[in-house]
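**Q** fold the following for me, if possible:
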Amino acid sequence: MDYQQFKQNMKLKLPVGMVIENPGGGTSTIMRYSETNVTYKRANSAITVSLEALYNAYMKFKGMRVSSKDLRNYAPHTFDSKHSGHSCNCTFLFSILKLLGVIDTILGEGKAHHPFYVVIPIS
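**A** Purely as a prediction, here's the structure:
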């Protein structure tokens, strides 16, 4: 899937208003799309993340096991609240991949030594 397909699939399968169950509890609600970003609401926060950053993380870890910790290390400006990103983007990406049919399940416990993780198949 190339970047344009990724964007199209997101907008088609995750429309504005869709409520997504988060693996650690709670929900994320798709609020809006721009040409380059998606904004979702988690609890009382509106979080905007670059579609390209999500796609690049997907491509970087394609064919691999990737945890939320791996994502924070890979792109802290996107996936780490301590570095101007947002840690919720980790589980948001995992949820997106599941809803797009790229992965089957999100594993792990979302705790320090047992982070959430997924295995992204090559095809």
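**Q** what's the local residue count around the spatially closest residue to L71 that is not a sequence neighbour?
**A** Excluding the flanking residues, the one nearest L71 by Cβ to Cβ, 6 or more residues apart in numbering is F79, at 4.2 Å. Quick note: C-beta positions are derived from backbone N, CA and C, even for glycine. By the criterion of other Cβ atoms under 10 Å, F79 has 27 neighbours.
**Q** what about the strands in the chain?
**A** Assignment of strands within the chain using DSSP state E yields the ranges 19-21, 27-33, 37-42, 45-50, 65-67, 117-119.
**Q** how about the first one: buried residues?
**A** Spelled out, it's strand 19-21. Going by neighbour count (16 or more other Cβ atoms under 10 Å), the buried part of strand 19-21 is I20.
**Q** and that strand, which strands flank it?
**A** strand 27-33 (antiparallel) (DSSP bridges).
**Q** now do the strand it pairs with against strand 45-50, angle only.
**A** Strand 27-33 runs at 60 degrees relative to strand 45-50, counting by axes from the mean of the first three to the mean of the last three Cα atoms, to 10 degrees.
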